[in-house]
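In: The following comprises the amino acid sequence and a computationally predicted model.
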Amino acid sequence: MNQLILLLVEDSNQDAFLIKESLVDQDFLKEIYHVINGEEAIKFLKKEESYKDVEMPDLILMDINMPVMNGFEALQEIKSNSEFKHIPVLMLTTSSRNDDIIKAYTGQSNSYIVKPDDIYGLDNLAKSLKNYWLNTVRLPRME
């Protein structure tokens, strides 16, 4: 089974912990990297500063509401850069506002997911992510 590399962009340490635990339990990720805002995500993708030795992610799971650079701003930066615009970006947020959903898809987000309320919902989300991104679709491998 191939395993994926995921970049989690999430400013809440508690949410990040719970999300990572649910994903790790599904055993489909080679690596989960975590950064706390969009600016750090861009540095990560450009392999700047302390990120020079990281592996390029296969997927980005990104919150919207973050300090410094929010998820929409980071999405715009990611999708405008030819080096990493191919990486699927999944927006994961507490907002179910239609305006936010439209803004995410207009910005070329690949999915818009409202954060589940509890650990069981996160576990189901992790199962769905595993099945869809590992077993259903084909992701590009950039050399």
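Out: Ah, there it is. On a predicted model such as this, the values are computed, not experimentally measured, just so you know.

In: Any regions of the protein where pLDDT drops low?
Out: Segments of the chain classed as low confidence (criterion: pLDDT under 70) are 1, 142-143.

In: The same query, at a cut-off of 80, please.
Out: Within the chain, the ranges that satisfy pLDDT under 80 run 1-2, 141-143.

In: Is I5 located within a strand, as I assumed?
Out: Yes - the assignment for I5 by DSSP: H, G, I helix; E, B strand; the rest coil puts it in a strand.

In: Surely it touches E31?
Out: Yes - judged on CB atoms under 8 Å, I5 makes contact with E31 at a distance of 4.8 Å. No exception for glycine: its C-beta is placed from N, CA and C like everyone else's.

In: Tell me where the longest helix sits in the protein.
Out: Using DSSP state H, we find that the single longest helix of the chain is helix 13-26.

In: Pull out the buried residues from that one.
Out: Within helix 13-26, the residues that count as buried by 16 or more other CB atoms under 10 Å are D15, A16, L18, I19, K20, S22, L23, Q26.

In: Using CSV, list the CA coordinates for it.
Out: Output of helix 13-26 as CSV, limited to C-alpha atoms (Å, rounded to 0.1, in the frame of the first residue of the first chain):
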residue,chain,number,x,y,z
ASN,A,13,-2.9,22.7,19.0
GLN,A,14,-5.9,20.8,20.4
ASP,A,15,-7.6,20.5,17.0
ALA,A,16,-4.2,19.5,15.4
PHE,A,17,-3.7,16.8,18.0
LEU,A,18,-7.1,15.3,17.6
ILE,A,19,-6.9,15.4,13.7
LYS,A,20,-3.4,13.8,13.8
GLU,A,21,-4.6,11.1,16.1
SER,A,22,-7.5,10.2,13.9
LEU,A,23,-5.3,10.2,10.8
VAL,A,24,-2.6,8.1,12.4
ASP,A,25,-5.1,5.5,13.5
GLN,A,26,-6.0,4.9,9.8
